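Asker: below: sequence and its predicted model.
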Protein chains: 2
Amino acid sequence: MSLNDRKVQILQAIINDYIETAEPVGSRTIAKKYNLGISSATIRNEMSDLEEMGFIMQPHASSGRIPSDLGYRLYVDHLMQKRELSFDEQKYLQSVISRDISQIDYLMEETAKIISALTSYTTFISEPVGQRARIKQIRLLPLDMTSVLLVIVTEDNFMKNHVIKMGTVPDEDTIFEISMYLNRAFQGCALQQIDQTILSILQLELGEYKGLLKPILNALKSTMEAAEKVQLHMSGTKNILAFPEFSDISKAKSLFQTLEEKDVLTSMLEESKCNDLQILIGSENTVQSMKDCSVITATYKLSDDTRGTIGIVGPTRMDYSQVISVLNGMVKNIEKVFKNLTDNNKDG
Amino acid sequence: MSLNDRKVQILQAIINDYIETAEPVGSRTIAKKYNLGISSATIRNEMSDLEEMGFIMQPHASSGRIPSDLGYRLYVDHLMQKRELSFDEQKYLQSVISRDISQIDYLMEETAKIISALTSYTTFISEPVGQRARIKQIRLLPLDMTSVLLVIVTEDNFMKNHVIKMGTVPDEDTIFEISMYLNRAFQGCALQQIDQTILSILQLELGEYKGLLKPILNALKSTMEAAEKVQLHMSGTKNILAFPEFSDISKAKSLFQTLEEKDVLTSMLEESKCNDLQILIGSENTVQSMKDCSVITATYKLSDDTRGTIGIVGPTRMDYSQVISVLNGMVKNIEKVFKNLTDNNKDG
DNA sequence: AATTAGCACTCGTGCTAAGTGAGTGCTAAC
DNA sequence: GTTAGCACTCACTTAGCACGAGTGCTAATT
């Protein structure tokens, strides 16, 4: 039994119809709606074959057929038509550019919102991460009467500020000097490289301000930890409730549960980071509560090793073709935004 | 018809039972479960009165009674027993201390998680905000070959860093000088106070680096905008699905919709900021989708004018007494954490 | 040999009717 | 004023039935 042309047409019809209606598709529906030039009886025979081959299944005897995960897989890999974005979609997608995007978290938040609005699926996105391990700059600044401000920047411009309370704050020039010491001592360092030798030298150099060393080390540690932790933004979780496959509250609940565990999502995004586009259909997902969902992820690259990932979660019966074109569009868009941002700032 | 002692006892019994079971409470249930020493017939008569007075109502004829918003109001204002936290609850609540809390957003995130876990309601919390309008420090630092880093700090230590791309980056000493100019020019300023006079002087002082002025002004603007926008953290949205009052998917959906609109929540928290504790029951809420919910908010104060608010959303049938004690406990806790943080840093 | 028409059969869905039980309101007796 | 008793209401459950969408099989047709 071979997967001939007609079987493929029928499978395609079933998938298209099911994506649209969420109802099991019967042979008569296909005969009437899609002009394949064959009768429902013939379609029935073919469907029986398709079921035997594992591409479709019956929710219960004497009901229509729905695509299986394998069916969707075939569809995604070989049948799916590439869909161009409409003008309106394109325009809406690009609206993220026109806002103030100098703040990365805002850009991420907006991006997630736009994608979830366009696709009506749940969207999550990770901030771009690259070479964070090494310290690029570490600077001390005066803040007020009782505290100084420590600014730490890693190689890929991840940065974090720390307020350090002190009994008495040194004067402007002394702070500048200490700042220079610190920068010389730590620049280019990974956290692990900071050993006792460096610390003793530094302690000596700091002189009467050696009390600063402890809070500075704490700040370094917490910055490095935060740098490891990829920031995640999410939007459109409520959309899940609109799909009939989640009208069973308990199913919705367990998916929500998973979506609240950012670690799970982060590691999902991490895993897919090497692929430009990754599609996991139903049972292909490792997370139990997503066995009824498909997850599509796309990776955007700001440089060779600075990347982030956008992910979409929806029922397996999702509009793969639309999602993929939206994701591709958005990836191009983000990359462009960052490029523009860089160029603009060079002018200003 | 007066609200005598017996009526109050019956009302209390109805509310307690309904909070526990979520089922309309009948006269026989009360007679059997709560030993009030009167028969179900008497209770029926009293209930009839209570209904006439507006404290309870029937979902449909010949069903048991449920408390009305007015009933809950009476309960909350006069009947409710203050509940002490159990040892375990107290311990769990304080577990937020033992983690690394030097980063405010992490602390907020954890706090929301703990409260939603303890109460099983949805929790949202706003970061402490005080006098943000004025600039406390504005500093320029070298970053790398093509860019400098601008650090802006407002009066209440809200801070934001901005990367400014430049064709050629001045040397360390020049940057320091520019940094000092800037700081002198803008320290103590509100954004609105920056006028043309200041700008022309600055432009003169910046000399060949006057190109910096535009990005600096942009950075100032975006910082001030971000400072106005209160950061909000949320946890436990999925809990909503566990309550029978939201087993109707469409109700759950509209509540989710509201919870995704951070502006709405932010303004709710803002409004309640003057009260230590505020309880809005059902129809007392202005937001339409929350007319079936109660919202309890508690305000924590880090100083006279630096405050944040914790809010809890749940069905009107919520365990008011538990929620209030958890919120009070957490407010004390947060205030303590911040106090400790300050003291610790003074030592180190 | 492939296709199709026809038919029996399956099974979810929607409707109705009857029965059940929790709860009320009213009345008359205590 | 309190209570027992009773009629009544109404949501909820269950069974039975008809309907229709859909299948699989078989025999006729191309």
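Answerer: Okay, I see it.
Asker: list the contacts of A:Leu255.
Answerer: A:240, A:246, A:289-290, A:293, A:313 (C-beta atoms under 8 Å, 6 or more residues apart in numbering or on different chains). In short, each C-beta sits where N, CA and C put it, glycine included.
Asker: any idea how many residues pack against the one residue in the stretch 51-200 of chain A that gets nearest to chain B?
Answerer: Closest residue of the stretch 51-200 of chain A to chain B, C-beta to the nearest C-beta: A:Lys165 (3.6 Å). By other C-beta atoms under 10 Å in any protein chain shown, the residues close to A:Lys165 number 18.
Asker: so what sits opposite it in the bridge?
Answerer: A:Ser147 (DSSP bridges).
Asker: can you give me the helices in the stretch 51-200 of chain A?
Answerer: For the stretch 51-200 of chain A, applying DSSP state H, counting those that start in this stretch gives helices covering A:69-74, A:87-98, A:104-119, A:172-186, A:196-206.
Asker: now for the longest one, which elements pack on it?
Answerer: Meaning helix A:104-119. Contacting helix A:104-119 under the criterion 3 or more C-beta pairs under 8 Å, 6 or more residues apart in numbering or on different chains; DSSP states H and E are the following elements: helix A:87-98, strand A:122-126, strand A:232-235, strand A:306-315, helix A:320-347.
Asker: what residues does A:Leu79 make contact with?
Answerer: A:8, A:11-12, A:15.
Asker: cool, and A:Ile312?
Answerer: Here A:Ile312 is in contact with A:115, A:119, A:121-123, A:295-297, A:318, A:323, A:327 (C-beta under 8 Å, 6+ apart).
Asker: which stretches of the stretch 51-200 of chain A have low pLDDT?
Answerer: For the stretch 51-200 of chain A, the stretches with pLDDT under 70 are A:97-102.
Asker: and it, which residues reach chain B?
Answerer: Listed as neighbours of chain B in the stretch 51-200 of chain A under the rule C-beta under 8 Å from any C-beta of the partner chain: A:100, A:102-103, A:136-137, A:139, A:141-144, A:146-147, A:149, A:151, A:153, A:157, A:159-167, A:172, A:176, A:180.
Asker: let's see that with 10 Å instead.
Answerer: Within the stretch 51-200 of chain A, the residues that sit near chain B (C-beta under 10 Å from any C-beta of the partner chain) are A:100, A:102-103, A:105-106, A:109, A:113, A:116, A:136-137, A:139, A:141-144, A:146-147, A:149, A:151, A:153, A:155, A:157, A:159-167, A:172-173, A:176, A:179-180, A:183.
Asker: looking at the helices and strands packed on helix A:104-119, spot the one closest to B:Leu202.
Answerer: The closest of the helices and strands packed on helix A:104-119 to B:Leu202 is helix A:320-347. By C-beta to C-beta, the value is 19.2 Å.
Asker: which of the residues in stretch A:314-331 are buried?
Answerer: A:314-327, A:329-331 (16 or more other C-beta atoms under 10 Å in any protein chain shown).
Asker: no no, stretch A:56-76
Answerer: Within stretch A:56-76, the residues that count as buried by 16+ other C-beta under 10 Å are A:56, A:64-76.
Asker: what does stretch A:40-57 give?
Answerer: Within stretch A:40-57, the residues scored as buried using 16+ other C-beta under 10 Å are A:43-44, A:46-47, A:49-50, A:53, A:55-56.
Asker: got it, and stretch A:205-219?
Answerer: Applying 16+ other C-beta under 10 Å to stretch A:205-219 flags A:206, A:209, A:212, A:215-216, A:218-219 as buried.
Asker: among these, name the ones in helices.
Answerer: Judged by DSSP state H, helices contain the following of these: A:206, A:215-216, A:218-219.
Asker: any chance of those in CSV, with distance to A:Ile194 too?
Answerer: Listed next are those as CSV, based on distance: C-beta to C-beta, whole Å:
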residue, distance to A:Ile194
A:Leu206, 15
A:Pro215, 14
A:Ile216, 10
A:Asn218, 12
A:Ala219, 12
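Asker: how many other residues sit next to A:Phe258?
Answerer: Heads up, residue A:258 is Thr, not Phe. There are 18 residues near A:Thr258, going by other C-beta under 10 Å.
Asker: after the host helix or strand of it comes which helix or strand?
Answerer: Of the helices and strands defined by DSSP states H and E, A:Thr258 is found in helix A:249-260. Per DSSP H and E, the first helix or strand lying C-terminal to helix A:249-260 is helix A:262-271.
Asker: what sits up against that following helix?
Answerer: Identification of contacts with helix A:262-271 by C-beta atoms under 10 Å, 6 or more residues apart in numbering or on different chains yields A:124-126, A:129, A:229-232, A:234, A:257-259, A:261, A:278, A:280, A:285-287, A:289-290, A:295, A:297, A:299, A:307-311, A:313, B:109.
Asker: relative to helix A:249-260, how tilted is that helix?
Answerer: Between helix A:262-271 and helix A:249-260, the angle comes out at 70 degrees (axes from the mean of the first three to the mean of the last three C-alpha atoms, to 10 degrees).
Asker: buried residues, helix A:262-271. List them.
Answerer: For helix A:262-271, a neighbour-count test (16+ other C-beta under 10 Å) marks A:262, A:264-266, A:268-269 as buried.
Asker: out of the helices of the stretch 51-200 of chain A, flag the one nearest A:Ala252.
Answerer: Evaluated over these, closeness to A:Ala252 peaks at helix A:104-119, with 16.2 Å, by C-beta to C-beta.
Asker: pull the distance from that closest one to the chain's centre.
Answerer: The chain centre lies 11 Å from the centre of helix A:104-119; the measure is C-alpha atoms, centre = their mean, to the nearest Å.
Asker: likewise for stretch A:41-60?
Answerer: So, by C-alpha atoms, centre = their mean, the centroid of stretch A:41-60 is 36 Å from its chain's centroid.
Asker: domain-wise, how is chain A divided?
Answerer: Chain A breaks down into these domains under automatic domain parsing: A:5-79, A:87-129+A:231-347, A:135-228.
Asker: who wins for proximity to B:Ala31 among these?
Answerer: That would be, of those and by C-beta to C-beta, domain A:87-129+A:231-347, which comes in at 34.2 Å.
Asker: so the closest one, near DNA strand C or not?
Answerer: No. Domain A:87-129+A:231-347 is not in contact with DNA strand C by C-beta under 7 Å from any atom of the strand; minimum separation 10.6 Å.
Asker: for chain A, identify the residue most remote from the centre.
Answerer: Going by C-alpha atoms, centre = their mean, the residue of chain A most distant from its centre is A:Glu208, 47.5 Å out.
Asker: phi, psi of the residue in chain A positioned nearest to DNA strand C?
Answerer: Closest to DNA strand C within chain A is A:Ser62: 2.9 Å, counting by C-beta to the nearest atom of the strand. Here the main-chain torsion angles of A:Ser62 (degrees, to the nearest 10) amount to phi 60, psi 30.
Asker: contacts only, for it.
Answerer: So A:Ser62 contacts A:Gly26 (C-beta under 10 Å, 6+ apart).
Asker: low-scoring stretches of the stretch 201-348 of chain A, by residue?
Answerer: Checking the stretch 201-348 of chain A against pLDDT under 70 turns up A:341-348.
Asker: mind doing that once more with 90?
Answerer: A:201-231, A:238, A:241-242, A:244-254, A:257, A:260-263, A:270, A:272-274, A:302-306, A:336-348 (pLDDT under 90).
Asker: now do the same end-to-end measure for stretch A:118-125.
Answerer: In stretch A:118-125, first residue to last residue: 15 Å (C-alpha to C-alpha, to the nearest Å).
Asker: what residues sit buried inside stretch A:134-151?
Answerer: The neighbour-count check on stretch A:134-151 (16+ other C-beta under 10 Å) flags A:134-143, A:147-151 as buried.
Asker: alright, I will stop here.
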